[in-house]
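# What follows is a predicted protein model with its sequence.
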Amino acid sequence: MVYSAGAMVLEADHPHRILYRSPEPLLAPVTKLELEGAVNGVVFPTGIDRRDDLGDPDRFDIYYGMADDRIGVARLTVPETL
C-alpha cells in the first residue's frame, strides 16, 4: 500500500484555516528505495533548506524519509507564479 497526502496552504494569521489543498501529492513513493524498507511505500518530509547560499532563493532542498529506512533529498524550484 502507498500512502501520500496533498500539500496545504494555510492562512498566515489563522493556520487552522486551509486556503488550498493540492489534489495530488507533492512527494510520493516511486523508486524501489522508497517502496521497499522497514515500512513499505511511505515517504515523508523531514526538513527543508532554502538555498540562498547558492544565490538561488527560489530553490529548496527537501530532505525526506524513504520507507522508514533511509533519507533522500529532492529539489524544488518555486515558479514566479503558483
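Okay, I see it. All values derive from a computational prediction rather than experimental measurement.
# Now do the closest residue to Asp56 other than its chain neighbours, the pLDDT please.
Nearest residue to Asp56 in three dimensions, chain neighbours excluded: Thr77, at 7.9 Å (Cβ to Cβ, 6 or more residues apart in numbering). Glycine gets a C-beta too; all of them are placed from N, C-alpha and C. Here the pLDDT value assigned to Thr77 is 88.
# didn't Thr77 look like it was pressed against Pro57?
No. Thr77 is beyond contact range of Pro57, at 10.4 Å (criterion: Cβ atoms under 8 Å).
# contacting residues around the closest residue to Pro23 other than its chain neighbours?
Among residues not flanking Pro23 along the chain, Gly6 sits closest, at 6.2 Å (Cβ to Cβ, 6+ apart). Contact analysis of Gly6 by Cβ atoms under 8 Å, 6 or more residues apart in numbering lists Arg21, Ser22, Pro23, Glu24, Pro25, Leu26.
# repeat for Val39
Contact analysis of Val39 by Cβ under 8 Å, 6+ apart lists Ala67, Asp68, Asp69.
# filter these to the buried ones?
Burial by neighbour count, 16 or more other Cβ atoms under 10 Å: within those this picks out Ala67.
# Quick check on the residue sitting furthest away from the middle of the chain: phi, psi?
Ranked by distance from the centre of the chain (Cα atoms, centre = their mean), the top residue is Asp13, with 23.0 Å. Asp13 adopts backbone torsions of phi -80, psi -20, taken as degrees, to the nearest 10.
# Surely Pro25 is in contact with Ala7?
Yes. Because the distance of 7.5 Å satisfies Cβ under 8 Å, Pro25 is recorded as touching Ala7.
# Could you say which helix or strand holds Gly72?
Using DSSP states H and E, Gly72 falls within strand 70-77.
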